[in-house]
Structure formats: C-alpha cells, structure tokens
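Q: turn this into a structure:
(one chain, ligands or ions: 1)
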Amino acid sequence: MSILQAGMDLFLQEDEERKEKAKKRQEESRFPSLYFKNGDTYLCRFIGGVNPIPFYKHTYEEGRANFICPSKGACPMCLAGNSPSLRGMFAVLVRNFPEKDAEYKVIGTKEQVARLELSATAVMAFGESHKEMDFTNKDVNIKRTGEGKNTNYLFFPKGVTKLTDKEKKLELPNWEEFLTPASPEDMRKYLNRYRSLEPEEETKRDWDKIDI
Ligand SMILES: [Zn+2]
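A: Numbering: from 1, shown residues only. Now for the predicted structure:
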C-alpha cells in the first residue's frame, strides 16, 4: 500500500466515524433522555409498557463518560476493575413541561417520547409501587429526591386514562440502537486515555498488572 493510500484510508475511516456519531446524535435527539434534578417531578405515561429494558453500564469521570457493557465480567472495562451498574430503560410520554428548566426544553412537544433511565434501586422501587398501585393505563408522577447515593425516585399514579389515537401511533425507541455495547477496541482506547488523565489514580489501580 502506498503512503498516499494509507493516509487516505485514515481520512475515510475518520469520516465514517464522524458520520456514525452524527447519526447517533440525531437518533438520540428523537428520543431525548429525561433528566431529573433533585426535587423535580415529571408526569409521565409508560408508553412502552412497565417492564424495564435492562442493560449494564460502565461510568467514568463522574458520569461524563459512559459505555454500555457488552458482557458483564468479561469486557475490557470489567477486567480493568470498573464494575458495571445494572440500569433499566423505559419509554415515557412526558405530560408536564416546566418552563423554568432550560435544559429540559429540548423535549419540545407534548407528543415527544423520551427515554427514562433508572438505576437498579429505582427500578426496584418502581416495581414495588407498581405491584401496589398498578401503573398500567395510568399517568404516573415521578419525583426525584436526594443526591448521589441517596437519590430516590417516588412514583404516584394518577387516574386511569386512555391514550389518544395519536399517542397510540407514536414511534417508540429502537432499543438496540440505543443500547449497542461499546466495542472492546473503543473501551481499550478510552482506558488508555483515562490512564493518562489520572496519573495519581493509576498507581492505586496498578494498571500494569491488568491484562486487557
Ligand atoms: Zn463490562
């Protein structure tokens, strides 16, 4: 292969990656992630059913970098000592739009379906509440309280209501697109960068002994 060809291949590869990322961003904006601050309450309809879509997620840099774990216990990040957390995803139709919350305005219209991601603890709390109060065919007020490890979600059902014909026809997220696991190569690439970001942590983790 000529030097020119090798150089060109790199540009083409980068371009593919850029297009892929742009596509992903667009997909994501069609089904934005519902973001709760401490004290926020949203009135939601579990439009895709009340069963969570489960997945494992690796989190770094205080949640700024996230990777879907492809195989719990066996992926490069698991082997590097980062335990993935079990999460549950739901599709929800959001009924209230607090004007004060600028970050939330991206949700846009009332016909927008959003993704609600909950921790394992919150999914358990949801399941317990559902057993008692049955959230099928009901709008549900979801309230977040607390911060960090003390975060709790509370679920209060409203009366039974029917979905409109328009609401019934709303497209739901294709979970496979959203929950595509990170590739082992991308994980290794990130781990190498992360090591360079946190030199003090590196000695604690003893990276050299980890075979990824
Ligand atoms: Zn993993």
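Q: by mean pLDDT, which helix or strand of the chain comes out lowest?
A: Least confident helix or strand, the chain: helix 199-205 with a mean of 50, by mean pLDDT, DSSP states H and E.
Q: so for the chain, the centremost residue is which one?
A: The centre of the chain sits closest to Glu117, judged by C-alpha atoms, centre = their mean, with a distance of 5.6 Å.
Q: just the element for Asp186, please.
A: Assigned by DSSP states H and E, Asp186 falls within helix 184-197.
Q: just checking, what packs against that helix?
A: strand 53-60, strand 65-68, helix 76-79 (3 or more C-beta pairs under 8 Å, 6 or more residues apart in numbering; DSSP states H and E). Quick note: C-beta positions are derived from backbone N, CA and C, even for glycine.
Q: contact residues of the protein facing the ion?
A: Those residues of the chain that sit near the ion, judged by C-beta under 5 Å from the ion, are 69, 75, 77-78, 84.
Q: kindly reformat those as TSV containing neighbour count.
A: Listed next are the residues of the chain next to the ion as TSV, based on neighbours: other C-beta atoms under 10 Å:
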residue	neighbour count
Cys69	23
Cys75	24
Met77	25
Cys78	19
Pro84	20
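Q: residues touching stretch 173-183, excluding its own?
A: 24, 27-28, 30-31, 48, 53, 55, 58, 67-71, 75, 89, 91, 113, 115, 190 (C-beta atoms under 8 Å, 6 or more residues apart in numbering).
Q: now do the strands in the protein.
A: Along the chain, the segments classed as strands by DSSP state E run 41-46, 53-60, 65-68, 85-94, 113-119, 138-145, 152-160.
Q: turn the ones you listed into CSV, columns for mean pLDDT.
A: Below are the strands of the chain laid out as CSV (pLDDT from 0 to 100):
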stretch, mean pLDDT
strand 41-46, 90
strand 53-60, 96
strand 65-68, 93
strand 85-94, 94
strand 113-119, 92
strand 138-145, 93
strand 152-160, 92
